[in-house]
Structures are given as structure tokens and as C-alpha cells.
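> Using only what follows, build the 3D model:
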Amino acid sequence: MNKFLTILIFGIIFLLYRKINSKKTKNIKLNKFKNKLQSTQTNIERIFLREEEKTFSNPNINIFIGIYDKEDNIKRKSNIHRARLSKFSKSKLNGEMIFRDDEQRIYKFVNGEKVYL
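Alright, predicted model coming up:
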């Protein structure tokens, strides 16, 4: 009878231990999720995503690609420019409006004349 009670007590202790540990892992995951939502880096990324969405949806907003831009930033800006050309057939890049005609040729206007690029 003592062996049975000992095994039963250890079983109950083991189950309680597992239940307590599982709550801790859930709380850790929940805390990580909350911290991510409240972090300043996440808020900054959201602001950039909103800004990119505005730039993507309006082809008249100028995209400036500078000499000192990093490579990943240049790729991101050029992808937005190409997407706007595909969607709207025009896009403003570095202060110049660039167009795409029906034959997929890229051009801009210089002194009222089309100059193909």
C-alpha cells in the first residue's frame, strides 16, 4: 500500500510540475509577442511600410535614388519604380517623369519630345 501511495504522490507531483512549466513557456511566448508589438523598431518598420505603400500607390511621388544610398535601399526603390511603371505606365524617378508605352518601351519627355531610354 505504501508503494502505491508513493507512486501516486510522485505522479501527482509530476503532473503539477508539467502543468506549471507549460504555463511558463506560454507566458514567455506571450511576453515576446507583446514586446515585439511594443518595440520601437517594430513601430519604425510599420511607418516605413506605410510610406512605401503611399509611394507605390501614387506615381507622381518622386523617388530619389542618391549616391550614398545603400544597396538594399536602392533595390527597394527601384522595385517600387518598376512596379509603378507596370501598374500606371508612368513613374517619377529623381525628379523626372518616366513613361512606358504600349510596346513596353521606356521614355521621357525632353523639351516636348519623346526620348527613349
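> ranges for the strands of this structure?
Along the chain, counting by DSSP state E, strands occupy 90-93, 96-100, 106-110, 113-116.
> I28 versus the residue most central in space within the chain, what's the distance?
Residue closest to the mean C-alpha point of the chain, counted by C-alpha atoms, centre = their mean, is L49 at 6.1 Å. From L49 across to I28, the span is 27 Å (C-beta to C-beta, to the nearest Å). For glycine as for every other residue, the C-beta is placed from the backbone atoms N, C-alpha and C.
> Over to I61: give its phi and psi.
phi -80, psi 130 (degrees, to the nearest 10).
> next one: N62
According to degrees, to the nearest 10, N62 has phi -70, psi 130.
> For it, which non-adjacent residue is spatially closest?
K92 (4.8 Å; C-beta to C-beta, 6 or more residues apart in numbering).
> Tell me how many other residues surround K77.
K77 has 19 neighbouring residues, counting by other C-beta atoms under 10 Å.
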